[in-house]
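*Asks:* I'll drop the sequence and a predicted model, then ask my questions.
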Amino acid sequence: MAATGFEKQGAAAFYVTTPIYYVNDAPHLGHAYTTVAGDVLTRWHRQRGEKVWYLTGTDEHGQKIMRTAEANGVTPQEWCDKLVEEAWKPLWEHLNIANDDFIRTTEKRHTDRVQEFVQDLFDKDEIYKGGYEGPYCVGCEEYKLPGDLIEAEDGTKLCPIHKKPVEILKEENYFFKLSEYGPKLLEFYEANPGFIQPESARNEIVNFVKQGLQDLSISRSTFDWGVPVPWDDKHVIYVWIDALLNYATAAGYGLDPEKFGSVFPANVHLIGKDILRFHSVIWPAMLMAQGLPLPGRVVANGWLMVGGEKMSKSNLTGIKPQDLTAHFGVDAYRWYFLRAIAFGSDGSFSWEDFSARYTSELANDYGNLASRVAAMIGKYFGGTLPGAAASGDAEKAVQEGLAKAVAEADRLIGEELDFQGGILAIFDFVKQVNGYITEQEPWKVAKDESEEGRARLATILYTSAESLRAMAVLLNAVMPETSQKLWDSLGAESAGLGALASQKVQDAGNWGQLPVGATVTKGAVLFPRLEEPKKD
């Protein structure tokens with residue numbers, strides 16, 4: 001019987017992982033895209049009041065890393081240390097990534113457990129010694145099937161991802177009996193139709209496995225930068241076997257049974273579609289061989305494209321995230337890629353599209369709304385939030401619109417990983433509140449100084465401020481710095497609502513939470529007007 005997912009113990013954590021990234025170069029937008037998505041997902045679940053564990057890290061072994069280090073005149077370990085400490089970790093801090101752990105595959109807590117895992121498989125007769133010859137892509141760290149290759153104009157066989165010639169390797173290796181797991185995998189896919197997402201990715205993998213699996217070479221003997229095979233130190237463990245195990249070793253496999261029981265397996269593995277087979281075929285087969293539970297979902301995001309090509313260093317399209325955050329700001333950066341691209345699909349980045357969306361949706365719709373409401377409360381009520389004494393159908397419509405936005409955003413972001421749909425649901429509410437203010441014309445109502453006029457004005461402004469309170473909660477996972485500024489300008493915490501991070505997203509639609517009498521201040525502009533980029 002195939003192993004199943006979610007066999008956790010005790011107070012189970014919602015466990016999300018990114019791929020662990022190769023440190024052959026500094027991170028680009030594609031790496032940040034997946035990591036920000038994972039951060040938004042885990043922040044959302046934290047604001048549901050759930051226990052959460054978010055893992056990212058770096059993949060530091062293999063031939064590609066060794067060659068990159070040699071080309072730069074340093075040892076592989078020196079290269080990895082430099083890139084991790086000077087590029088990868090600082091970027092995640094810069095982008096406000098709230099990961100709970102950062103695993104490096106050169107750490108002893110990982111390498112020791114990898115050896116134990118592989119030794120167990122060997123002792124169970126799941127691994128045998130054999131020989132192999134075939135086309136190998138160093139960039140992918142993978143033997144390619146002949147049918148996977150593309151052909152250059154001169155007839156040279158190329159990797160379809162890196163568009164570079166493959167190398168024909170022949171070596172004596174150890175093999176994992178992957179071929180025996182095809183039927184078990186197909187059984188598992190059928191019993192768990194949501195295991196691989198999106199549907200196109202699932203179909204690709206099911207068809208691939210149905211064609212029959214080959215046994216997997218899990219060691220290399222032509223270089224030594226890797227975890228030694230414990231029973232044969234002339235071999236190092238194949239980098240992908242080493243890398244995939246990070247999801248278990250970081251969760252306490254073989255070291256902390258209590259932690260491992262409450263965290264493992266992952267609820268969601270976020271990956272790029274180019275590494276789908278590793279995560280949805282090899283990884284579950286390895287877990288089945290060890291009798292361990294399988295993850296809940298493997299979700300493949302699409303590629304970020306520039307000029308029709310996948311964004312990567314090898315294609316010279318690897319744009320640094322800092323190039324964009326310096327101009328648009330970190331929160332706008334986090335928002336844009338999840339707003340502009342349907343998660344799971346390929347998407348093209350353009351500076352012009354980012355600028356247009358920033359100006360229209362962030363600055364004009366959202367930021368201007370916050371400024372207008374705070375300014376009117378300051379002008380007409382001295383900065384003290386008035387009560388809603390004259391609510392009617394217009395206010396009821398706003399309340400219903402908020403309830404709808406909360407329900408849709410929670411379902412789409414929290415359950416379906418449809419970040420674009422969830423953000424759009426929230427911004428539909430932003431547009432609704434802007435329309436409400438336009439229709440109610442509080443600047444005209446303010447001219448009526450009668451008791452009824454003042455009550456009506458107070459109701460309009462309370463409704464608007466309470467709507468902003470909910471927006472701060474709903475957008476906190478996506479734009480934490482901006483949401484905190486809005487929360488502070490509404491005086492929410494000092495008025496008794498508590499810290500923004502403690503507000504549950506599913507309760508954001510409960511109307512009337514912002515206390516009457518809160519001190520509302522017009523703070524700094526949430527989304528300043530963009531400066532024209534300097535031209536050389």
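*Replies:* Thanks, I have it. Residues are numbered from 1 along each chain as shown.

*Asks:* wait, what's in contact with Val84?
*Replies:* Val23, Thr58, Glu60, Arg104 (Cβ atoms under 8 Å, 6 or more residues apart in numbering). Heads up, the C-betas are built off the backbone N, CA and C, glycines and all.

*Asks:* and if we set it to 6 Å?
*Replies:* Applying Cβ atoms under 6 Å, 6 or more residues apart in numbering, we find Val84 in contact with Thr58.

*Asks:* packing partners of the host helix or strand of Trp487?
*Replies:* Using DSSP states H and E, Trp487 maps to helix 480-489. Counting contacts by 3 or more Cβ pairs under 6 Å, 6 or more residues apart in numbering; DSSP states H and E, helix 480-489 packs against helix 451-474.

*Asks:* tell me what the helix it packs on is packed against?
*Replies:* helix 368-381, helix 393-409, helix 419-440, helix 442-445, helix 480-489.

*Asks:* quick check: mean pLDDT of it?
*Replies:* What helix 451-474 shows for mean pLDDT is 98.

*Asks:* quick one: His110 from Phe260, how far?
*Replies:* With the distance defined as Cβ to Cβ, to the nearest Å, His110 ends up 14 Å from Phe260.

*Asks:* more neighbours: those two, which one.
*Replies:* Neighbour count, other Cβ atoms under 10 Å: between His110 and Phe260, His110 has more, with 25 against 20.

*Asks:* any idea how far the spatially closest residue to the more buried one that is not a sequence neighbour is from Tyr21?
*Replies:* Spatial nearest neighbour of His110, chain neighbours left out: Thr249 (4.5 Å); criterion: Cβ to Cβ, 6 or more residues apart in numbering. Taking Cβ to Cβ as the measure, Thr249 falls 16 Å from Tyr21.

*Asks:* quick one: low-confidence parts of the protein?
*Replies:* Across the chain, the ranges flagged by pLDDT under 70 are 1-7, 9-10, 132-133, 138-147, 155, 161-162, 170, 307-318, 533-536.

*Asks:* for the residue nearest to His110, phi and psi?
*Replies:* The phi/psi pair for Thr249 (degrees, to the nearest 10) reads phi -70, psi -40.

*Asks:* make JSON lines from the helices and strands packed on helix 451-474 and add distance to Leu41 and mean neighbour count to it.
*Replies:* Listed next are the helices and strands packed on helix 451-474 as JSON lines, based on distance: least, Cβ to Cβ, whole Å; neighbours: other Cβ atoms under 10 Å:
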{"stretch": "helix 368-381", "distance to Leu41": "25", "mean neighbour count": "19"}
{"stretch": "helix 393-409", "distance to Leu41": "12", "mean neighbour count": "18"}
{"stretch": "helix 419-440", "distance to Leu41": "8", "mean neighbour count": "19"}
{"stretch": "helix 442-445", "distance to Leu41": "37", "mean neighbour count": "16"}
{"stretch": "helix 480-489", "distance to Leu41": "14", "mean neighbour count": "20"}
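
*Asks:* export these as TSV, with columns for distance to Arg67.
*Replies:* Formatted as TSV, these follow (distance: least, Cβ to Cβ, whole Å):
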stretch	distance to Arg67
helix 368-381	51
helix 393-409	45
helix 419-440	36
helix 442-445	65
helix 480-489	39
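
*Asks:* what's the closest of those helices to Thr459?
*Replies:* Of all those, helix 393-409 sits nearest to Thr459, with 6.5 Å by Cβ to Cβ.

*Asks:* what residues are up against Asn434?
*Replies:* By Cβ under 6 Å, 6+ apart, Asn434 lies in contact with Leu369.

*Asks:* quick one: it from Leu338, how far?
*Replies:* 22 Å.

*Asks:* same thing with Ala370?
*Replies:* Taking Cβ to Cβ as the measure, Ala370 falls 21 Å from Leu338.

*Asks:* likewise for Met305?
*Replies:* For Met305, the distance to Leu338 - Cβ to Cβ - is 16 Å.

*Asks:* those two: which has the busier surroundings?
*Replies:* When neighbours are counted by other Cβ under 10 Å, Met305 and Leu338 differ, and Leu338 comes out ahead with 21 against 17.

*Asks:* run through the residues that contact the spatially closest residue to that one that is not a sequence neighbour.
*Replies:* Spatial nearest neighbour of Leu338, excluding adjacent residues (Cβ to Cβ, 6+ apart): Phe419 at 3.9 Å. Residues near Phe419 by Cβ under 6 Å, 6+ apart: Leu338, Phe343, Ile413.

*Asks:* would TSV of those residues with secondary structure and distance to Asp100 be doable?
*Replies:* Shown next, in TSV, are the contacts of Phe419 (DSSP: H, G, I helix; E, B strand; the rest coil; distance: Cβ to Cβ, whole Å):
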residue	secondary structure	distance to Asp100
Leu338	helix	21
Phe343	coil	22
Ile413	helix	19
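
*Asks:* which among those residues gets closest to Tyr128?
*Replies:* Nearest to Tyr128 out of the contacts of Phe419 is Phe343 (Cβ to Cβ; 40.2 Å).

*Asks:* give me the nearest residue to the closest one, chain neighbours excluded.
*Replies:* In space, Phe343 comes closest to Phe419 once its chain neighbours are excluded; the distance is 5.2 Å by Cβ to Cβ, 6+ apart.

*Asks:* all helices for the stretch 251-400 of the chain, in order.
*Replies:* Assigned by DSSP state H, counting those that start in this stretch, the stretch 251-400 of the chain shows helices spanning 257-263, 276-277, 283-290, 321-328, 330-340, 351-357, 368-381, 393-409.

*Asks:* what does the first one rub up against?
*Replies:* Helix 257-263 has contacts (Cβ under 6 Å, 6+ apart) with Gln9, Gly10, Ala11, Ala12, Ala13, Tyr15, Trp53, Ala251, Gly252, Tyr253.

*Asks:* farthest pair in these?
*Replies:* Largest separation among these by Cβ to Cβ: Ala11 and Tyr253, giving 18.6 Å.
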